[in-house]
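**Q** Attaching a predicted model along with its sequence, questions to come.
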Amino acid sequence: MSAHAHDLESQGTYSLYAHEESVIRQAESMLGKLDEVANGVRLLAQAYREGYRETMRLVRISDRMQAELHAANRTLLNQAADLQRLNKALHQEIERREALEHELRRIASVDELTGLHTRRHVLELGEHEQRRRARHGYDLSILMMDLDHFKRINDGFGHAAGDQVLGDFGFLLCSSLRQGDIAGRFGGEEFLAILPETDLATAQSIAERLCKQVRENSTLWKDQSLAVTVSIGLVAVDRDESLECAIARADHALYLAKRAGRDRVMVGSGPDLDE
Ligand SMILES: Nc1nc2c(ncn2[C@@H]2O[C@H](COP(=O)(O)OP(=O)(O)OP(=O)(O)O)[C@@H](O)[C@H]2O)c(=O)[nH]1
C-alpha cells in the first residue's frame, strides 16, 4: 500500500473501484448526451409531423379549390352555351319581328285588290310631294276618280266580279301614268292620282285619255264582258294650298262630273273661288 493510499484509507474515503466509477460516470454522461440526441430527434420528428400535416392540409385545400374551379368553369361553359342559345333565339325573334313589321308596313301601304297604294299611304306620299313642290315650285296636279254605277256591277254579277273590275281599273290606271306619278285606292271604288311636275293642261289630257281607255276596255268575267266608265275631278294644286284642300276641290269637281252625266273629266275651280 502506498503512503497516499494508506492515508486515504486511514481517512475512510478511498474507493477500490475508482476506475470503474469513472467509467460509469462517463457512461452516465454519454447516456445524458444520448437523451439530448433522442430529445432532438423527437423534436425533429414532431416538427416533421406538423410540417407534413400542414402540407397535407394545404394539398387538401388546393384539391378543393381545383374542384371548385372546375365546377365554376363547367357552370361558366354551360352559361355561355345558354347565352349562345338565347342570343340565337333573340336573333330569330328580331328577324321574325322585322319580317312581321315589313309585312305590316306592306299591308298598310299596298291595297291587296288593286296593287295600288292604300289611302293612308297615298296621302303620306302626297304630303311629301306637296312639301317638295313648295320648295322647288314645280306644278302638281291631282285626279280624283270614281267608277260609275259600280253598284250595278256588284248587284248584277256579284261582289267577286266587282273586285275583278276594281283590279282591272287599278292596272289600267297604273299603266297609263308615268313613273313618279302616285296612284292610290282612296275608298271603295274611288281612286286618287297625284301627278308631280304636271300642269293642269297635261293632267287634263292624261285624265281624258284614262277616261277613254276605261270606256274602251272591259273586264272579262265568266265569258261576259263587264263595261264600266269613270268620272274624274281634276285640280292643279295651288301654291301654299294644303293637300287636303286640293283633294276637297278635286272631290267637288268629281261630284260635278257625276252630276253632269258621268264618264267625263271636270276641272275644279281655283281654291279662292271654291266654297
Ligand atoms: N266589289 C267591291 N265592291 C265595293 C268595294 N268597295 C265598295 N264597293 C261597292 O261600290 C259600290 C259603290 O256604290 P255607290 O256609292 O252607290 O256608287 P256607284 O254605284 O258607283 O254610283 P256613282 O258613284 O254615283 O256612279 C257599293 O255597292 C259598294 O258596296 C270593294 O272593295 N269591292
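**A** Sure, I can see it.

**Q** Tell me which residues of stretch 173-192 come out buried.
**A** By neighbour count on 16 or more other C-beta atoms under 10 Å, the buried set for stretch 173-192 is 173, 176-177, 181-186, 189-192. Glycine gets a C-beta too; all of them are placed from N, C-alpha and C.

**Q** average pLDDT across it?
**A** For stretch 173-192, mean pLDDT rounds to 95.

**Q** Using PDB, write out every CA atom in it.
**A** C-alpha atoms of stretch 173-192 as PDB (Å, rounded to 0.1, in the frame of the first residue of the first chain):
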ATOM      1  CA  LEU A 173    -104.600  53.400-114.000                       C
ATOM      2  CA  CYS A 174    -101.100  52.300-113.200                       C
ATOM      3  CA  SER A 175    -100.100  51.600-116.700                       C
ATOM      4  CA  SER A 176    -101.500  54.900-118.000                       C
ATOM      5  CA  LEU A 177     -99.500  57.000-115.500                       C
ATOM      6  CA  ARG A 178     -95.800  58.000-115.700                       C
ATOM      7  CA  GLN A 179     -93.100  56.700-113.400                       C
ATOM      8  CA  GLY A 180     -93.100  59.100-110.500                       C
ATOM      9  CA  ASP A 181     -96.800  59.600-110.500                       C
ATOM     10  CA  ILE A 182     -98.600  58.300-107.400                       C
ATOM     11  CA  ALA A 183    -101.800  56.300-107.600                       C
ATOM     12  CA  GLY A 184    -103.900  55.000-104.700                       C
ATOM     13  CA  ARG A 185    -107.200  53.500-103.900                       C
ATOM     14  CA  PHE A 186    -108.900  56.200-101.800                       C
ATOM     15  CA  GLY A 187    -112.100  54.300-100.900                       C
ATOM     16  CA  GLY A 188    -114.300  51.500-102.200                       C
ATOM     17  CA  GLU A 189    -114.400  52.400-105.900                       C
ATOM     18  CA  GLU A 190    -112.800  55.800-105.500                       C
ATOM     19  CA  PHE A 191    -109.100  56.500-106.600                       C
ATOM     20  CA  LEU A 192    -106.700  59.300-106.200                       C
END
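
**Q** where does it sit relative to the chain's centre, distance-wise?
**A** Remark: stretch 173-192 is offset 33 Å from the chain centroid, using C-alpha atoms, centre = their mean, to the nearest Å.

**Q** start at 30 instead
**A** Sure thing, new numbering starts at 30, so read that last one as stretch 202-221.

**Q** what about that stretch and the ligand, any contact?
**A** Yes: with C-beta under 6 Å from any ligand atom as the criterion, the ligand is reached by stretch 202-221 at Gly217, Glu218.

**Q** got the contact list for that stretch?
**A** 140, 142-148, 150-152, 154-155, 158, 171-176, 179, 191, 195, 198-199, 222-227, 235, 238-239, 242, 276, 279 (C-beta atoms under 8 Å, 6 or more residues apart in numbering).

**Q** can you rerun that using 6 Å?
**A** 140, 143, 145-146, 148, 151, 154, 173-176, 179, 222-224, 239 (C-beta atoms under 6 Å, 6 or more residues apart in numbering).

**Q** Which among those count as buried?
**A** In these, the ones that pass as buried (16+ other C-beta under 10 Å) are 140, 143, 145-146, 148, 151, 154, 173-176, 179, 222-224, 239.

**Q** just checking, which of these belong to helices?
**A** Arg148, Val151, Leu154, Phe179, Leu239 (DSSP state H).

**Q** Quick one: the residues you listed as CSV, columns for distance to Arg288 too.
**A** Formatted as CSV, these follow (distance: C-beta to C-beta, whole Å):
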residue, distance to Arg288
Arg148, 24
Val151, 25
Leu154, 30
Phe179, 17
Leu239, 20
